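# Okay, predicted coordinates and the sequence, questions at the end:
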Amino acid sequence: MNLIKNRILQLINPLTKVYYNWRYWGNLYREMKKHVEKSNHLTQEKLIPYLNKPGIVFSFDDSYRINDWIKYGKEMFGYYDVKVTFNINAIHHFEGKREHTQNEIDRLLELQSQGHEIAHHGLKHKKAVEYTQEFGLEKWIYDEIRSLFNWMEKQSHSMTKEKFKKPVSFAFPHFIYNKDIIKELVPNYFKIVRGHMNEDNLTPFNFSGFAPSICLDVYYSSNLYYVKKIMKIAKKTGKNLIITCHSILPEEVNWENFGWGKEAIKSGTWRTTPKTIQRIIDEAKSNDFEFYTTSEIAGVATFIDSNFEKSVRKVISNPLEKWISIKELSGIKELDLSNNNITNLDGIQYFLNLEKLNLTNNNITDFRLLKKLPKLKIIETDNNAIKKKRGIR
């Protein structure tokens with residue numbers, strides 16, 4: 001009798017999982033479609049990256065997962081190609097809640113050097129609402145927000161000495177938040193904060209405030225059929241779709257082999273396969289989507305090199321502006337960056353209408369990002385550290 005019962009359960013459980021998978025994603029899609037039908041749709045104007053061309057934001061949480069981000073994500077995402085937002089803490093969630101090692105910090109900075117955003121996810125991944133209810137909002141801000149800012153400022157790559165950019169965006173741990181917390185965070189600390197599902201689940205350009213996302217992890221049983229339909233809604237409206245994930249792991253990788261014990265079992269369900277992510281990337285490219293970071297859909301230009309940022313601030317309308325506007329940079333046609341001790345060109349990709357650029361007398365070794373500028377005609381690169389090493393001939 002028990003054998004028959006077990007056999008019946010083996011048949012029912014997978015079917016139940018499939019049923020809830022399709023019901024969950026079907027309801028999500030229909031609610032989005034219903035909301036979007038009441039909204040304005042994208043007009044036939046020229047589509048310009050960062051300004052009005054719809055895109056995808058991959059947003060990955062929990063930096064103790066850095067090894068699989070690198071192993072399964074780095075090559076798939078490429079160099080300033082499929083840009084991703086990685087939301088980090090200062091600790092490993094398990095292994096005694098230790099701080100990140102220098103090797104882990106180096107790997108995070110390696111992702112930043114490939115064009116990805118390293119964003120804020122709370123120093124120790126505390127649940128914002130529970131923490132503020134117990135200790136008060138001010139203490140949560142100090143313990144989780146300011147403390148991670150300070151921690152990131154102190155870190156640097158062991159070889160390149162590259163540092164973290166100051167985060168522009170924040171992702172709520174466990175997707176838990178309330179209006180009071182959002183009001184305190186934006187714009188005092190961030191321009192945009194990411195959570196989970198709200199209204200049409202899409203985010204417009206140059207956005208400030210709460211940005212919704214949909215989650216692809218096994219915990220939510222991702223359904224690519226409906227994800228593709230949701231992407232079509234995003235394109236139709238001219239808005240951006242944020243997709244949240246956690247670990248990138250093939251199905252055959254056993255989470256228990258990491259040796260983090262029973263407390264880590266639930267965290268093992270927050271995972272997405274490289275195959276699923278690649279299929280979304282392929283679908284997005286076939287539909288001419290852009291790939292953005294969270295800070296980019298908030299309209300904010302960021303720079304790895306502080307000397308580059310200082311030089312840019314001299315040519316914008318308000319040098320003291322907290323966040324540099326991508327829209328303003330996209331209108332600049334000539335830029336003189338000579339004699340500024342610049343070593344890294346990250347940020348130059350936002351100057352989409354740039355025609356003339358002077359980079360003489362700097363310490364630049366990598367010119368590949370200049371290929372991102374479609375209107376660039378005149379380039380001066382004399383007297384750099386290793387002249388025309390890569391990208392520009």
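Received it, and whenever you're ready, just let me know what you need.
# so Asn362 makes contact with Ser338?
Yes - counting by CB atoms under 8 Å, Asn362 does reach Ser338; the two are 7.2 Å apart. (Each C-beta comes from the backbone N, C-alpha and C, glycine too.)
# More neighbours: these two, which one.
Asn362 (25 against 17; other CB atoms under 10 Å).
# Spatially, what comes nearest to the more buried one if we skip its sequence neighbours?
Computed as CB to CB, 6 or more residues apart in numbering, the closest residue to Asn362 that is not its neighbour in sequence is Ile342, at 4.3 Å.
# which SS class is that neighbour?
Three-state assignment for Ile342 (DSSP: H, G, I helix; E, B strand; the rest coil): coil.
# pretty sure it contacts Phe308?
Yes - proximity of Ile342 to Phe308 meets the contact threshold set by CB under 8 Å, at 4.9 Å.
# Where do the strands of the stretch 1-150 of the chain begin and end?
Assigned strands in the stretch 1-150 of the chain, in chain order: 55-61, 84-88, 117-120 (criterion: DSSP state E, counting those that start in this stretch).
# Would you format those strands as CSV with mean neighbour count, distance to Glu283 and mean pLDDT included?
Shown next, in CSV, are those (neighbours: other CB atoms under 10 Å; distance: least, CB to CB, whole Å; pLDDT from 0 to 100):
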stretch, mean neighbour count, distance to Glu283, mean pLDDT
strand 55-61, 26, 9, 98
strand 84-88, 27, 16, 98
strand 117-120, 24, 22, 98
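# Need the ones you listed in CSV (columns: distance to Ser267).
Output for the strands of the stretch 1-150 of the chain, formatted as CSV (distance: least, CB to CB, whole Å):
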stretch, distance to Ser267
strand 55-61, 11
strand 84-88, 15
strand 117-120, 19
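# between the ones you listed, which gets nearest to Lys166?
strand 117-120 (9.2 Å; CB to CB).
# Phe258 is nearest to which of the strands of the stretch 1-150 of the chain?
Nearest to Phe258, of all these, is strand 55-61, at 16.9 Å by CB to CB.
# who's in contact with that closest one?
49, 69, 73, 82, 84-87, 119, 121, 171, 173, 194, 203, 213, 231, 234, 240-246, 248, 270, 277, 280, 284, 289-294, 296-297 (CB atoms under 8 Å, 6 or more residues apart in numbering).
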